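1. for reference, the sequence and a predicted model appear below.
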Amino acid sequence: MKTEDITLADNIYHNLRNEIAYLQLEPGRKLSEVKISKQYNCSRIPVREALQRLATEGCLDIYPKRGSFVSPIDLVKLERIRYIREVIETRVILDDFDKGLLKPILPVLNSMITRQKQLLQINDYTHIFELDTEFHFLFYSIDKKDYAFEYAGMNEINYFRARLLTLKAESKTNMVSQHEAIVDAINRDDRGALNAALVQHFRNVTNVMQCNTFKTSSGEPYFR
């Protein structure tokens, strides 16, 4: 493949992955190589390369003679990633707590929560979702455990979409109230309450998934 095709394939891959991650391309949506190649004014070679990368990552299901379809959220993979995140991040935050690193960042955490409330009031789910990620990343960064964040699965496609879907499905205050419970436990120096608040927060995704029947705008199931 030519150098320009590789660059274009990267661009197509990142754009489509972003649309899938943010549920702009819903599960079951068929992607046309012809339409995509026209959109990017290119041959089908870089399009096929991008679609193959997305399929390898679990974003697409490719069927011979049928085409490429946005994959549903895999509930088994979702639960595995959620469990890994709970184990890693709970350990990271409790280590921060034991080292006395959390009290000094309380003003920053409270400021984030205030901003989250403002964004939720205007249904700005994209930015509240990004701010939620920043909220959690802060716990990794204060003790230079940024590397652990990569293993917590926050960007894994099944977990990413489920988190966003949960945010949209819940009452507006649920995520914020869970963050407030985490911050309140830190403020009270209550390690047990902090652990309980973290576990409740991390298990919220699968709890919401189990309690709701989600369908796409075209009636396709969100899960498999």
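-> Perfect, I can see it now. Numbering: from 1, shown residues only.
2. now the helices: where do they sit in the chain?
-> Applying DSSP state H to the chain gives helices spanning 3-21, 33-39, 44-56, 75-98, 106-121, 125-141, 146-149, 157-169, 174-187, 191-202, 204-211.
3. out of the ones you listed, deepest packed?
-> helix 157-169 (a mean of 20; mean count of other Cβ atoms under 10 Å). For the C-beta atoms, the positions are set from N, CA and C on the backbone; glycine is no exception.
4. so how far is it from its chain's centroid?
-> Here the centre of helix 157-169 is set off from its chain's centre by 6 Å, with Cα atoms, centre = their mean, to the nearest Å.
5. run through who's touching that helix.
-> 17, 20-23, 57-59, 71, 73-74, 77-78, 81-82, 85, 125, 128-129, 132, 153-154, 175, 204-205, 208-209, 212, 214, 222 (Cβ atoms under 8 Å, 6 or more residues apart in numbering).
6. what's the average pLDDT for that helix?
-> Per-residue pLDDT over helix 157-169 has a mean of 91.
7. again, but for stretch 137-147
-> 96.
8. and Y83, how far from T206?
-> 9 Å (Cβ to Cβ, to the nearest Å).
9. now for the worst-scoring helix or strand of the chain on mean pLDDT, which elements pack on it?
-> In the chain, no helix or strand scores lower on mean pLDDT, DSSP states H and E than helix 204-211, which sits at a mean of 84. Applying 3 or more Cβ pairs under 8 Å, 6 or more residues apart in numbering; DSSP states H and E, one finds that helix 204-211 makes contact with helix 75-98, helix 157-169, helix 174-187.
10. before we move on, the earlier item: will you turn the helices of the chain into CSV that also has distance to P64?
-> Output for the helices of the chain, formatted as CSV (distance: least, Cβ to Cβ, whole Å):
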stretch, distance to P64
helix 3-21, 20
helix 33-39, 14
helix 44-56, 12
helix 75-98, 23
helix 106-121, 44
helix 125-141, 35
helix 146-149, 38
helix 157-169, 22
helix 174-187, 41
helix 191-202, 39
helix 204-211, 31
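11. to K65, which of those lies closest?
-> Closest to K65 of the helices of the chain, according to Cβ to Cβ: helix 33-39, at 13.2 Å.
12. I81 reaches G153, doesn't it?
-> Yes: the pair I81 / G153 is scored as a contact, 3.8 Å apart, by Cβ atoms under 8 Å.
13. which of the helices and strands packed on helix 204-211 sits closest to F149?
-> helix 75-98 (8.4 Å).
14. circling back: tell me how far the least confident helix or strand of the chain lies from the chain's centre.
-> Taking mean C-alpha positions (Cα atoms, centre = their mean), helix 204-211 and its chain are 14 Å apart.
15. same check on stretch 146-157?
-> 10 Å.
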